[in-house]
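Enquirer: I'll drop the sequence and a predicted model, then ask my questions.
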Amino acid sequence: MIDVDPSGSAVRVRRRTWIVGGSLLVASALIALTLRGLPGVQFAPVSLPDMLFAAGAVIFAIGFGRAGSVTARRPLGTFALVGLAVWILLSPLLLRFTVPVSAEDISGSFIMFSGMMSITIEAVSLVLAIIAATQIARIRAVPRPWNRAPLWALVAVAVVRLLRSAFLFGAYALGQESLVLLDSLGGLIEAAAVGFLGVVAIVVAVRPVSGSTTVFSSAA
């Protein structure tokens, strides 16, 4: 006897969405790690890893069908995830306006404005990421416990950035080499967090879904 669940089309949509979105996140992480060893290689003004991450986030939010959306296309989570993708692409453009043309352009007011702009960009990114991650965990369109994976990744990235910011206040005490090492470690952890989400999405997508398709065979 063969029993095929009619929701099989939803499973296919979910699988296709999560494989494509996960692949984009994995590619973003791998390219980010590669570009760290190649200073100056970047698609100005937005980096290629950011483009790939943003594309993956939009695909996860909207899906190739409602069943593929990790937020089930509910407004709050969907808007937050799409907003995060758009903000990641826009923030480098905002920062460009705070970069001085020459050393003579640097002043106390400029440094203050630049610092406030950077803090604002980080704060908006964090708020959008928190909303998106908590909605994904709450809605449970992603199977447990992987619906909490975005929260795990967000905590890791937030801790790294907080530590990096804290140590920057003691830049002269730490020394340039220590700061470079800290920055490299932070970049590695952030890329690993993005890659982790991509791998989780692909693994969850390809594993059998209980109840979607059930096949029984028996000898006549």
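Expert: Thanks, I have it.
Enquirer: Which helix or strand contains the spatially closest residue to residue 199 that is not a sequence neighbour?
Expert: Sequence neighbours aside, residue 26 is the residue nearest to residue 199 in space, at 6.4 Å (criterion: Cβ to Cβ, 6 or more residues apart in numbering). Using the backbone N, CA and C atoms, a C-beta is placed for each residue, glycine as well. When elements are assigned from DSSP states H and E, residue 26 belongs to helix 8-36.
Enquirer: Assess the claim that residue 189 and residue 153 are in contact.
Expert: No. Taking contacts as Cβ atoms under 8 Å, residue 189 lies outside contact range of residue 153: 9.9 Å.
Enquirer: Tell me which of the two has more neighbours.
Expert: The residue with more neighbours, out of residue 189 and residue 153, is residue 153; 22 against 17, by other Cβ atoms under 10 Å.
Enquirer: Any idea how many residues pack against the closest residue to that one other than its chain neighbours?
Expert: Nearest residue to residue 153, sequence neighbours excluded (Cβ to Cβ, 6+ apart): residue 193, at 4.0 Å. Using other Cβ under 10 Å, residue 193 has 22 neighbouring residues.
Enquirer: What's the separation between residue 193 and residue 117?
Expert: Going from residue 193 to residue 117 by Cβ to Cβ, to the nearest Å gives 24 Å.
Enquirer: show me what contacts the residue nearest to residue 153?
Expert: 153, 154, 156, 157 (Cβ atoms under 8 Å, 6 or more residues apart in numbering).
Enquirer: Check residue 187 too.
Expert: Residue 187 touches 32, 33, 36, counting by Cβ under 8 Å, 6+ apart.
Enquirer: Report pLDDT for the last one.
Expert: Note for residue 36: predicted pLDDT of 72.
Enquirer: Just the element for the residue lying closest to it once chain neighbours are set aside, please.
Expert: Once flanking residues are discounted, residue 36 sits nearest to residue 187: 5.6 Å by Cβ to Cβ, 6+ apart. Here residue 187 is covered by helix 176-206, with elements defined by DSSP H and E.
Enquirer: can you give me the mean pLDDT across that helix?
Expert: 85.
Enquirer: Report pLDDT for residue 120.
Expert: In this prediction, residue 120 has a pLDDT value of 83.
Enquirer: ok, how many other residues are close to it?
Expert: Neighbours of residue 120 using other Cβ under 10 Å come to 12.
Enquirer: Also residue 200?
Expert: Neighbours of residue 200 (other Cβ under 10 Å): 19.
Enquirer: my guess is it contacts residue 147, does it?
Expert: No. Counting by Cβ under 8 Å, residue 200 does not reach residue 147; the two are 10.2 Å apart.
Enquirer: Regarding residue 72, what is its secondary structure?
Expert: coil (DSSP: H, G, I helix; E, B strand; the rest coil).
Enquirer: re the thing from before, widest-spaced pair of the contacts of residue 193?
Expert: Across the contacts of residue 193, the longest distance by Cβ to Cβ is 7.3 Å; it joins 154 and 156.
Enquirer: So for these two, which sits in the more crowded spot?
Expert: Using other Cβ under 10 Å, the more surrounded residue of residue 154 and residue 156 is residue 154, with 18 against 15.
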